[in-house]
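In: attaching a predicted model along with its sequence, questions to come.
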Amino acid sequence: MPTRSTTPDDDFTWSDEFLLGFDQIDEVHEEFVHVVHQLLHSKDENFLTHLDEFAAHAKSHFATEDQWMRETEFPPAQCHIDEHAAVMQSLQEVRERVVLGDVEVGRSFTRELVKWFPGHATHLDSALAQWMFKREHGGKPVVFRRQATSSNKAFGL
């Protein structure tokens, strides 16, 4: 039986560093991280099931954000929407290969998601989060993040 390869990205878990300050986006991002984490740790025989769970999540996640951008006339919407579409296109192509037994291409895709997500969230989703928050509350969100630095640990913080 083939074994799953491990990477330094195997510890991909939700943390405060991903918070953007708009609860609806933060909640869906936490779910995104959880679903990708499951893919990272999936056994080969369960990989397609977890990939399909990711696909269902991504379809809903991206559709919601795309709808917000269109409905609110978010200025840089098209770039953001195009990036979502590119991920979904890649997902479809990867799934076809996984169905044929090439689980490693699915694992490679998952590792790329781990690399992709922080930049996407920081650059594109943070702008959307601020846009949506401002529309609802009239200002920018304030985000408090816990940081576990060595000096904080030394002082019991």
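Out: Yep, that arrived.
In: what stretches of the protein score poorly on pLDDT?
Out: Along the chain, segments meeting pLDDT under 70 span 1-10, 147-157.
In: all helices for it, in order.
Out: 23-40, 47-71, 77-99, 103-120, 126-137, 150-154 (DSSP state H).
In: can you lay out these as a markdown table showing distance to E17 and mean neighbour count?
Out: The way it works is simple: take the backbone N, C-alpha and C, and place the C-beta from them, glycine included. Shown next, in a markdown table, are these (distance: least, Cβ to Cβ, whole Å; neighbours: other Cβ atoms under 10 Å):
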| stretch | distance to E17 | mean neighbour count |
| --- | --- | --- |
| helix 23-40 | 11 | 18 |
| helix 47-71 | 19 | 16 |
| helix 77-99 | 20 | 15 |
| helix 103-120 | 8 | 18 |
| helix 126-137 | 12 | 17 |
| helix 150-154 | 14 | 9 |
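In: got the contact list for the residue nearest to L20 when sequence neighbours are not counted?
Out: Using Cβ to Cβ, 6 or more residues apart in numbering and skipping residues adjacent in sequence, the residue nearest L20 is A129, 3.8 Å away. The neighbours of A129, taking Cβ atoms under 8 Å, 6 or more residues apart in numbering as the test, are L20, G21, F22, I25, D26, P141.
In: and of those residues, the nearest to R70?
Out: I25 (15.8 Å; Cβ to Cβ).
In: separation between the closest residue to that closest one other than its chain neighbours and H137?
Out: For I25, ignoring the flanking residues on the chain, the nearest one in space by Cβ to Cβ, 6+ apart is A129 at 4.9 Å. Distance of A129 to H137, given as Cβ to Cβ, to the nearest Å: 12 Å.
In: next one: D125
Out: The value you get for D125 to H137, if Cβ to Cβ is used, is 17 Å.
In: and T122, by the same measure?
Out: From T122 over to H137 (counting by Cβ to Cβ), the distance is 21 Å.
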